[in-house]
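Chemist: Sequence first, predicted coordinates after that:
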Amino acid sequence: MLLTAAAAVVFFPIYTAVVIAIQPPARLIDFPAVLIPRSLDFSSLRFAFRAAHMSRYLVNSFVVTSAIVTAQVVTSILAAYAFAFLEFPLKRFLFALFLATLMVPAEATIVANYETIQRLGWLDTYQALIVPFMATAFGTFLLRQAFLGVPRDLRDAAALDGYGHWGFLRGVAVPLARPTIAALTVFSFLLAWNQYLWPLLVTNDDSHRTVQIGLKALSGASIARLNLVSAGAVIAALPIFVLLVLFQRHLVRGLTSGAVKG
Amino acid sequence: MNSMRRRLLAMAVLPFLVAVGCSSGSSKSATEASDCPTDALAKATAPVDITFWYSGLKASNIDALKALTDQYNGAQKKVHVTLQFQGTYDEGADKYLTALRGGTLPNLVMLEETRVQLMVDSKSMVPAAACAKSDKYSFADFLPPVLKEFTVDGQLWPMPFNVSNPVLYYDKNDFRKAGLDPDKPPKTFADVLADARAIKSSGAAKSGFAWEMQPWYVEQWFAKNGDTIVDHQNGRDGRAEKSTVNTDTGKQVFGFVKQLFDEDLAINVGRNESGTDTLLAVGKGDASMAIGTSAALGTIYDIQAAGQFKDVEVGVAPLPGPSASNGGVQVGGGAIWIVGKDKSAVEKAATWDYVKWLDEPVQQAYWHKHTGYVPLRRAAIAEPDVADLWKAKPTFRVAYDQLTASHADQGGPAIGPYKEFRDAIRTGLESIVLKKVPVGQALTEVQKDADDALKSYNDRVGG
Amino acid sequence: MTRSRRDWLLAFGFLLPSLLVFGVFIFYPLARTIDLGFYRSDPFGGLGRFVGVSQYTHVLGTHAFRRSLGISLRFVLLTVPTGLVLGLGLALLGHQRLRGIRVYRALFSSTVATSVAVASLMWLTLLHPSIGLINQLLVKLGHERIIFLQSQGWALLSVAAVTVWQNLGFTFIVISAGLQSVPDELLESARIDGAGAWARFRHVTLPLLSPTLLFAIVVLTITSFQAFGQIDLLTTGGPLHSTEVLVYHVFTRTSSDPSTAAVEAVVLFVIMLGLTLVQLRVLERRVFYGE
């Protein structure tokens, strides 16, 4: 069936990476062998985790990413609410300003930001990795889209019932936008987890370095040890995969709970 | 000024002085960037912490550096070195340049040998010569080509440490299968082509040669031919202004590459960012010969020890190429720079102590044994460890012999915008192999790009 | 205080955290970068000679800049439409009411778990000329080996393919969410009225999906223009500059020629801004905002 074929094609690279990661190092990967692993060997995973410091990097990535995601969800909800439900001067200008932030390439800001961080004395700290990313126009637009979908009648009813903005936000808007918030969480997590250049620049030693740096160092140092590289990749990807599986249920639940009905 | 006003002035200035004094620490005061007061360490009352940004090393070589540093830290209490990995050579250099623009600098930075002119121009480094002078340290024992490479304007700037040069790796078993003498590896371009033909026709491997787009080899071939790649004596007699690659040597080198592919004797692995793609090709039987850095030797033996590529008998030979009597290979690899900008006397002295230790014969012997980098000093070769290694595995001495046999008068090219220069050469190589551009045209384009880069650099850095 | 005044204050209060972050970490650096473009800086942090706008006009005219821009545009054209269509296809496939569809949905969105580095490494090993599985398969099928990442013809296509693959998860999730908001009753009534699958898709699903699709197109375009990680890991801009998109071109000279890099980064920003505005204006007209 088309479904199975599509799924196979999409999932194939991830599948092979996992298989390679758990093969004994001496075996080179040949074609038929990769589909059905003949022997299992977790030494590559263990090595990547311990000797290559992936465990430390994982912790750092988790701390930093969780902080960024929380901050982004909060600031996006607030900003999206303003754009969706409030009227104020310069609204269109500010919206364009938000939009513009998405288009400023990292190269245009990275060095100046590095100097700012240095001046604040934040090199090699968690703040340097978190604070510059605590807001996102992408999240704002995503949530604005969701908020705009809240039916007019609900808004009017809430107003009649005496709900202020805070009450409406907490009681109506946010619950209705739960699937979108879930999606935003996943995406924000992914983008923050993905960062490479910035953490490389503002951290110098292992204590604050993140998983992507560890992965690149691993691959640069030993591409011949394919198992090790794949092991590193699997470790780096696993947390998000877990998150995805967890949130998938939440996404589906939110959608089928009849929340967004005409 | 009456005493009242003087007192008020002093009171106004005092907090400022305190602030400045407190912020710069106990006995720290920034010295001239290029000073090296090595006696300051003796006066230090507490252990001095220094940071070392290293980059460009792979796998086993990183482990060796870590082992050495741990040893140093454990053997004395005056200095503590923290190693911080900064990625590839280019990433490490970029990081340092960015830090120069507004960040904190480390005490030591390992950079590729191509960055010599750039770092001298940065005016942020301490020449090792200054430290040596203050400490009455002698470089007499160091290999002359190494010293020449890193000397600019009569001073030795970085401390040489990880010296390598390109060698030929080949599979002796494949040679036997092709009817070639495994102990007579090719010496010239013509030899390489002949051997590659034999290998391909005998089916010993799919192809004779594994080629990577590596500009470094081009520079080495120019050196072997006793020729320069930029004017002003390769940038050593004055700032380089124009490239000189469009010469007979250039035509020979580019012609060789072109012929390799015209006769379908080589496979192209591309840019080989990982550093191992050519060797992987040899291991997998796609080719029998490949040029690689001598510093890969340690990793190769490690990989074989782990069980892969068991049927390859590794042979190492000097770099084949044009052969002139006044040429030879040049020093490659990297060196360790002592950072001077905003560093205190104590820090510099501590840095010198560590870097001096790294180059001691015993450490150099260890480093060589575990990596394949060339031992820089004659005393290191006298170490029993090295002598035993060379007897058991003569492949380890090829790079060393090659270097000492060089007749180069001066060190390698001193080019400020070296990275851009290499990019130009690489584009030339790619256009010959991938676009089948004629040699003359490719060389002209290389020269144009290289000259543009030189002009832009000199325009902005000048002096 | 009037209600609207209170609303204004609340609005600014809600926007303040975001604006603060944007101001310090995006607009301020952007201004500094624009300024840097007016000088001829050396690699060591020295500002250098002031040359003003002439550097902007000079850089815009260089062959290297134009080539990089062209490659960026080609890359966007290769990845965005393909990614959108494939994502839509997967979303439609995953939207069916079948047993165990949740497993398929998880598999379709799995690429979201891969960061650019992870995805690139996975594909690097797959596309490797000697030990890559794809070449092994090709050889087994009797085909010639293809040097995917190191031949001029294939390099950009390969990087684009990896990018499309990596974005599939994202596109799938976004469009799936959008599909959920297409009321089943409308589709049912259309079917009862005799509309075939294609007609139902064209006249019911697609219009209701259009805001989501617009969102996906805009985001895909922006990220495509800013693609960096996969190029750094897979091809480093080669061979022969064929994958040297503008972002990568800027990156390679940020340290050695900061002022030229600054100019190019600013121009990239202006282009993306313009492109997005055009996209929004042109496509927004075709978007159907229900009710």
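Modeler: Thanks, I have the structure now. Residues are numbered from 1 along each chain as shown, chains lettered A, B, ... in the order given.
Chemist: what about B:Glu263, how many neighbours?
Modeler: With neighbours defined by other CB atoms under 10 Å in any protein chain shown, the count for B:Glu263 comes to 13. Any C-beta I mention is one placed from the backbone N, CA and C, and that applies to glycine too.
Chemist: can you check the one 3 residues further on too?
Modeler: Taking other CB under 10 Å as the neighbour definition, B:Ala266 ends up with a count of 24.
Chemist: Pretty sure A:Gln118 sits against B:Leu105.
Modeler: No - between A:Gln118 and B:Leu105 there is no contact under CB atoms under 8 Å: 10.7 Å.
Chemist: show me what contacts B:Ser431?
Modeler: Counting by CB atoms under 8 Å, 6 or more residues apart in numbering or on different chains, B:Ser431 makes contact with B:437, B:442, B:445, C:240.
Chemist: can you give me phi and psi for it?
Modeler: Phi and psi for B:Ser431, reported as degrees, to the nearest 10, are phi -70, psi -30.
Chemist: pLDDT score for it?
Modeler: pLDDT, B:Ser431: 94.
Chemist: what residue ranges in the chain score low on pLDDT?
Modeler: In the absence of a named chain, this looks at chain A. Across chain A, the ranges flagged by pLDDT under 70 are A:24-39, A:51-52, A:219-225, A:248-262.
Chemist: that answer is for a different chain, and I need it for chain C
Modeler: Using pLDDT under 70, chain C drops low at C:1-2, C:286-291.
Chemist: Which elements pack onto the longest helix anywhere in it?
Modeler: In chain C, with assignment by DSSP state H, the single longest helix is helix C:63-94. Judged by 3 or more CB pairs under 8 Å, 6 or more residues apart in numbering or on different chains; DSSP states H and E, helix C:63-94 is in contact with helix A:2-21, helix C:101-109, helix C:152-180, helix C:206-225, helix C:246-252, helix C:258-284.
Chemist: Tell me which of these lies nearest to chain B.
Modeler: Between chain B and these, the shortest gap by CB to the nearest CB is with helix C:152-180, which sits at 5.2 Å.
Chemist: buried stuff in the closest one?
Modeler: C:152, C:154-180 (16 or more other CB atoms under 10 Å in any protein chain shown).
Chemist: cool, and stretch A:193-212?
Modeler: A:193-204, A:206, A:208-212.
Chemist: For chain C, tell me which of those show up nearby.
Modeler: Counting by CB under 8 Å from any CB of the partner chain, A:193-194, A:196-197, A:212 from those sit close to chain C.
Chemist: ok, which pair from the residues you listed is furthest apart?
Modeler: Spatially, the most separated pair among these is A:Trp193 and A:Leu197, at 14.0 Å (CB to CB).
Chemist: quick one on the thing from earlier: the longest helix of chain C to helix A:2-21, inter-axis angle?
Modeler: 120 degrees (axes from the mean of the first three to the mean of the last three CA atoms, to 10 degrees).
Chemist: residues in contact with A:Leu3?
Modeler: Taking CB under 8 Å, 6+ apart, one finds C:93-94, C:96, C:98, C:104 in contact with A:Leu3.
Chemist: Most neighbours out of the residues you listed, which is it?
Modeler: C:Gly94 (24 neighbours).
Chemist: That one: what's it in contact with?
Modeler: A:3, C:101, C:104-105, C:108, C:172, C:176.
Chemist: Could you check how many residues crowd around C:Gly274?
Modeler: 11.
Chemist: What parts of the stretch 201-350 of chain B come near chain A?
Modeler: Counting by CB under 8 Å from any CB, the stretch 201-350 of chain B comes close to chain A at B:273-277, B:279-280, B:284, B:299, B:303, B:306-308.
Chemist: switch the cut-off to 7 Å
Modeler: B:274, B:276, B:280, B:303, B:306-308 (CB under 7 Å from any CB of the partner chain).
Chemist: Quick one: buried ones out of those residues?
Modeler: So, by 16+ other CB under 10 Å, the buried ones in those are B:274, B:276, B:280, B:303, B:308.
Chemist: separation between C:Gln55 and C:Arg49?
Modeler: Counting by CB to CB, to the nearest Å, the separation of C:Gln55 from C:Arg49 is 10 Å.
Chemist: Those two: which has the busier surroundings?
Modeler: The residue with more neighbours, out of C:Gln55 and C:Arg49, is C:Gln55; 20 against 15, by other CB under 10 Å.
Chemist: helix/strand/coil for that one?
Modeler: helix (DSSP: H, G, I helix; E, B strand; the rest coil).
Chemist: For C:Ile131, see how far away it is.
Modeler: Separation of C:Gln55 from C:Ile131 (CB to CB): 46 Å.
Chemist: cool, and A:Arg46?
Modeler: From A:Arg46 to C:Ile131 the distance is 23 Å (CB to CB).
Chemist: Next: C:Gly274.
Modeler: 44 Å.
Chemist: Would you double-check that B:Trp337 falls in a strand?
Modeler: Yes - assignment of B:Trp337 by three-state DSSP places it within a strand.
Chemist: Nearest residue to it in space, please, no chain neighbours.
Modeler: Excluding its sequence neighbours, the residue lying closest to B:Trp337 (CB to CB, 6 or more residues apart in numbering or on different chains) is B:Pro158, at 4.4 Å.
Chemist: The longest helix belonging to chain B: which residues count as buried?
Modeler: Determined from DSSP H, the single longest helix within chain B is helix B:439-461. Using 16+ other CB under 10 Å as the test for burial, helix B:439-461 gives B:439, B:442-443, B:445-447, B:449-454, B:456-457, B:460-461.
Chemist: so which of these are also by chain C?
Modeler: Among these, chain C is touched by B:456, B:460-461 when using CB under 7 Å from any CB.
Chemist: how about those in CSV, adding distance to B:Val253 and pLDDT?
Modeler: Below are those laid out as CSV (distance: CB to CB, whole Å; pLDDT from 0 to 100):
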residue, distance to B:Val253, pLDDT
B:Ser456, 25, 91
B:Arg460, 30, 89
B:Val461, 29, 88
